[in-house]
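**Q** Provide a 3D model corresponding to the input given below.
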Amino acid sequence: MLDEYRSIVGDILYYTTKMSTDIKNTARESATHLYNPNKEDWKALEKCVGYIFHSEYEGLILRKPRR
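**A** From the prediction side, this is the model:
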C-alpha cells in the first residue's frame, strides 16, 4: 500500500512538472507524507487525482497503466 501511494505521488509530481502547475502545492504536500501516509493523506491524494481526471487539457490522454 505504501508503494502504491509513492507511485501515485510520483506520477502527480511528474504531471505537475510537465503539464499543470496549478496543483504543485498539493503534490509537494503529498510528497512530504511518503513514509507514513494516513487516511487523510489518502483522501487528499484521491481529490488531487480526481481533479486531474476532471480537468480538460487538450491532447492529454490518461490511461490505466499496464501491469
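**Q** now for the host helix or strand of E46, which elements pack on it?
**A** Assigned by DSSP states H and E, E46 belongs to helix 39-54. If you count contacts as 3 or more CB pairs under 8 Å, 6 or more residues apart in numbering; DSSP states H and E, helix 39-54 packs onto helix 2-18, helix 24-31. Every residue, glycine included, has its C-beta placed from N, CA and C.
**Q** Can you get me the centre-to-centre distance for it and its chain?
**A** 7 Å (CA atoms, centre = their mean, to the nearest Å).
**Q** okay, the angle between it and helix 2-18?
**A** 40 degrees (axes from the mean of the first three to the mean of the last three CA atoms, to 10 degrees).
**Q** ok, T32 - contacts?
**A** The contact partners of T32, by CB atoms under 8 Å, 6 or more residues apart in numbering, come to none.
**Q** Spit out the contact partners of the most centrally placed residue in the chain.
**A** In the chain, the residue lying closest to the centroid (CA atoms, centre = their mean) is I12, at 3.4 Å. By CB under 8 Å, 6+ apart, the contact list for I12 reads I23, T26, A27, S30, L45, C48, V49, I52.
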